[in-house]
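Q: Need coordinates for the below:
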Amino acid sequence: MNFVYGIISLSAPLLLASMGALISERSGGMALFLDGTINLAAFLCLAGTALSKNFIGGIALSLTFCTAFILLFALAAEKFRANRFLAALALNLICSALTSILSSVFFKTRGIITHPDFYFSAVKTRLVTTASAYLMFLLGWAAMKFTRQGLYIRISGSDAPVLRARGINVSHVRLWAWAAAAVFGSAAGCILSMRLSSFVPNISSGTGWTALAAVFLGKKNTYAILAAVLIFAAAQYVANNLQNFSVFGSVPAAFLLALPYISALVMIVLAPKKP
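A: Residues are numbered from 1 along each chain as shown. Here you go, the predicted model:
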């Protein structure tokens with residue numbers, strides 16, 4: 001049971017990021033900004049908690065700022081007809097740089113940050129954040145499948161002229177898809193920092209990129225994406241625990257920690273290609 005719970009728990013941040021990536025991908029564009037968003041959100045969660053003396057305030061600041069920032073950037077990209085792929089990639093770099101700048105300005109360091117008001121029980125936090133992540137994933141799936149806005153997002157990526165023929169602004173639909181991706185990415189960042197009770201530079205550790213891989217492997221199917229996320233989480237769980245066995249003492253720790261990314265690469269290479 002510990003093995004199963006460990007995998008499910010580890011999958012929570014990646015699961016949220018994958019839902020964000022799926023929504024953006026369904027609208028016709030990859031959420032290449034996710035990794036940077038996760039880092040920025042994790043920092044803002046701690047900073048907001050330190051400022052408000054309440055973790056709810058930290059979460060609210062993180063979600064609001066990241067979503068608004070990405071939405072404004074997306075609006076500018078649409079207005080100037082920028083390439084969505086390059087715009088998302090640029091946004092990822094900006095988020096990462098902004099995280100470093102804000103950390104230096106407000107905490108006088110670009111390293112690990114802790115704060116007395118940002119401390120949580122490890123066991124309770126892991127349980128609550130895992131349940132919250134799976135609930136958000138379920139709500140995201142339901143919204144995409146059963147709501148009109150979800151239908152518009154799906155059509156905007158597969159057959160945009162149909163929406164235009166009905167007088168629906170495709171650009172607006174895609175903007176809201178990016179905003180939704182930002183919400184899920186921000187939530188993933190909050191979970192990562194709350195579980196550590198601190199902010200660590202590059203706390204995402206490639207979670208945003210792995211989420212994109214999960215969407216690719218799942219071929220935009222929610223159930224297949226969930227399966228891919230659990231496989232990646234299982235690889236991470238194994239990598240984390242192999243270091244405790246003396247037989248692997250001679251194996252470099254960096255290699256063991258890279259197992260989730262190696263498994264992602266192997267799965268992408270072996271994934272069936274379209275004929």
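Q: what about the helices in the stretch 151-275 of the chain?
A: 160-165, 170-196, 207-217, 222-242, 253-257, 259-270 (DSSP state H, counting those that start in this stretch).
Q: what's the average pLDDT for the third one?
A: Looking back up the chat, that one is helix 207-217. For helix 207-217, mean pLDDT is 92.
Q: what's the least confident helix or strand in this structure, going by average pLDDT?
A: helix 253-257 (a mean of 70; mean pLDDT, DSSP states H and E).
Q: From the structure, what's the count of residues near Ser27?
A: Ser27: 27 surrounding residues under other CB atoms under 10 Å. (Glycine included, C-beta is placed from N, CA and C.)
Q: any idea how far Cys66 lies from Gly6?
A: Applying CB to CB, to the nearest Å, the value for Cys66 to Gly6 is 28 Å.
Q: Stretch 97-114: which residues count as buried?
A: Leu98, Thr99, Ser103, Phe107, Ile113 (16 or more other CB atoms under 10 Å).
Q: in which helix or strand would I find the second one?
A: By that I understand Thr99. helix 84-107 (DSSP states H and E).
Q: Need the contact partners of that helix.
A: 28-37, 39-40, 43-44, 47, 66, 69-70, 73-74, 77, 109-110, 113, 174, 199, 201, 208 (CB atoms under 8 Å, 6 or more residues apart in numbering).
Q: Identify each buried residue in the helix or strand that it is followed by, please.
A: From helix 84-107 onward toward the C-terminus, using DSSP H and E, the following helix or strand is helix 122-146. Buried residues in helix 122-146, counted by 16+ other CB under 10 Å: Thr125, Arg126, Thr129, Thr130, Ala133, Tyr134, Met136, Phe137, Gly140, Trp141, Met144.
Q: what helices or strands is helix 122-146 leaning on?
A: On a contact count with 3 or more CB pairs under 8 Å, 6 or more residues apart in numbering; DSSP states H and E, helix 122-146 meets helix 2-26, helix 148-158, helix 170-196, helix 222-242.
Q: looking only at pLDDT, what's the mean for the last one?
A: Translated: helix 222-242. Per-residue scores along helix 222-242 average to 89.
Q: what pLDDT does Pro272 get?
A: 65.
Q: Pop out the phi and psi values for Gly28.
A: Dihedral pair for Gly28: phi 110, psi 20, per degrees, to the nearest 10.
Q: What helices and strands are in contact with the helix or strand harbouring Gly48?
A: Here Gly48 sits within helix 34-52, counting by DSSP H and E. For helix 34-52, the contact count by 3+ CB pairs under 8 Å, 6+ apart identifies helix 2-26, helix 55-79, helix 84-107, helix 170-196, helix 207-217 as packing neighbours.
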